[in-house]
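1. I would like the atomic coordinates for the input below:
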Amino acid sequence: MCGRVWASRWLWALVLAVVVAEPAPSRASQRNWAQAMFAESGHDFGPVPRGAVVRHQFVMTNRLSEPVRILDVRASCGCTTGRALAEQVGPGQQAVIEAQMDTRNFVGVKATTLTVTLVTASGRQGEARLGVRSTILSDVVLNPGTLEFGTLSRDQEAELRLEIDRVGAPNWRIERMLASQRLSQAIEATLYESYRTGQGVGYVLVAKVRPDAAAGWIREEIQLRTNDPETPVVPIPVQLEVRGRLTATPALVSLGRAIPQARVLVRGSQPFAITAIEGAGEDLEVRGGGDGAKAVHVLTIAYRPQEAEGAGVSRRTLRIVTDLPGEPPVDVQAVLDPGA
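-> Got it, this is the predicted structure:
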């Protein structure tokens, strides 16, 4: 009998020892699920001119079986900002966290961290840390560091100037200026040399909005290729929004079971009537817009997920047709997730 009691006590002691020895999940391991959603944990901009505003987009992929909400993006330094281009990310979906570094007040190596706070639909919270780093040059200076036109109406004229100074290198040259086709169709850019002395070189970049620029949002960059192998490219960020006579805000909505409807404002430069809305169906209904000519129409987009087997995330285009003469329809993109 005593042997049995002793053996039983020994067995329970062994089980207790195993339980005690099992380490509790650390806070770091709890954060790993959030960090694992990012393909890269850092980005080095390399050598950049002082005054430049540089941007990088970190892509986040939701690898969980439940939706994830981006609660907050905060930076460790005032020179860097971060923003999420989407708030809720369904399973298998992607979102972008954009990091922007302003180099006006620094020279040399500058490294900062963005902390992204995420929470799942079941309430689990985690953090991901994204590092950004640049080597800010003291001998290449931009003034200002970016071409920000803001929001313009179609046919509205706008022109910006940007100065590039290279100190201490009289043989330095900008050899080419490159831009995407979309940016070239919206902006006419001209570059000319303003001075060349024994102490340095200066250029001026003049950018004008084309009168026939298509309506939409542009956030790209002009690349200046130089003859300096250490700084072969000088990036010039360009930001511009051209509003046509007809706009829809927001132009992208994400809908699911948790958020089944969204409101969209359709604005015109003058009162107009909505004559048709294309792209709706049994699972996607659009209410409003049938009350005559107005300068602003309020539409409600309602999503009713169907119980089709294997249904996943889909994208639908809603085309809003109006009676504004010569104005093309305006589109609203709807991302539909029956599981969110």
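
2. wait, what's in contact with Ala128?
-> Ala128 makes contacts with Arg31, Ala34, Gln35, Met37, Phe38, Ser41, Met60, Thr115, Val116, Leu118, as judged by Cβ atoms under 8 Å, 6 or more residues apart in numbering. For every residue, glycine as well, the C-beta is placed using N, CA and C.

3. meant to ask about Ser153, not that
-> So Ser153 contacts Val242, Arg243, Ser269 (Cβ under 8 Å, 6+ apart).

4. Of the contacts of Ala128, which is the nearest to Arg74?
-> Of all the contacts of Ala128, Arg74 sits closest to Thr115, with 5.3 Å by Cβ to Cβ.

5. the strands in the stretch 1-150 of the chain, which residues?
-> Using DSSP state E, counting those that start in this stretch, the strands of the stretch 1-150 of the chain run over 42-50, 53-61, 68-75, 80-84, 88-89, 94-102, 108-120, 125-143, 147-153.

6. got a list of what Arg173 touches?
-> Arg173 makes contacts with Val201, Thr226, Asn227, as judged by Cβ under 8 Å, 6+ apart.

7. Can you tell me the closest non-neighbouring residue to the residue nearest the centre of the chain?
-> In the chain, the residue lying closest to the centroid (Cα atoms, centre = their mean) is Leu85, at 4.1 Å. Counting by Cβ to Cβ, 6 or more residues apart in numbering, Val96 is the residue found nearest to Leu85 once chain neighbours are left out, at 4.4 Å.

8. Counting neighbours, what do you get for that neighbour?
-> 12 (other Cβ atoms under 10 Å).

9. State whether it and Ala84 are indeed in contact, as I suppose.
-> Yes - Val96 is in contact with Ala84 according to Cβ atoms under 8 Å; the separation is 7.5 Å.

10. what's the overlap in contacts for the two?
-> By Cβ under 8 Å, 6+ apart, no residue touches both Val96 and Ala84.

11. which secondary element of this structure has the worst mean pLDDT?
-> When each helix and strand of the chain is scored by mean pLDDT, DSSP states H and E, helix 2-21 comes last, with a mean of 38.

12. returning to what we had before: by neighbours, which of the contacts of Ser153 wins?
-> Going by other Cβ under 10 Å, Val242 tops the contacts of Ser153 with 21 neighbours.

13. what helices or strands is the host helix or strand of that residue leaning on?
-> Here Val242 sits within strand 233-243, counting by DSSP states H and E. With contacts taken as 3 or more Cβ pairs under 8 Å, 6 or more residues apart in numbering; DSSP states H and E, strand 233-243 sits against strand 53-61, strand 125-143, strand 147-153, helix 181-186, strand 200-209, strand 216-226.

14. closest to Gly312 out of the ones you listed?
-> Comparing the helices and strands packed on strand 233-243 by Cβ to Cβ, strand 53-61 comes nearest, at 14.8 Å.

15. which residues are in contact with the closest one?
-> Applying Cβ under 8 Å, 6+ apart, the external contacts of strand 53-61 come out as 37-40, 43, 45, 48, 70, 89, 92-103, 114, 116, 128, 130, 132, 134, 145-146, 219, 235, 237.

16. Just the buried ones out of these, please.
-> 37-38, 43, 45, 48, 70, 89, 93, 95, 97-103, 114, 116, 128, 130, 132, 134, 145-146, 235, 237 (16 or more other Cβ atoms under 10 Å).

17. Skipping adjacent residues, who's closest to Asp228 in space?
-> That would be Trp172: by Cβ to Cβ, 6+ apart, it lies 6.0 Å from Asp228.

18. swap that for Cys77, sorry
-> Cys77 sits nearest to Thr112 (Cβ to Cβ, 6+ apart), 4.1 Å away.

19. Leu118 now?
-> In this structure, Leu118 finds its nearest non-sequential neighbour in Ala34, 4.8 Å apart by Cβ to Cβ, 6+ apart.
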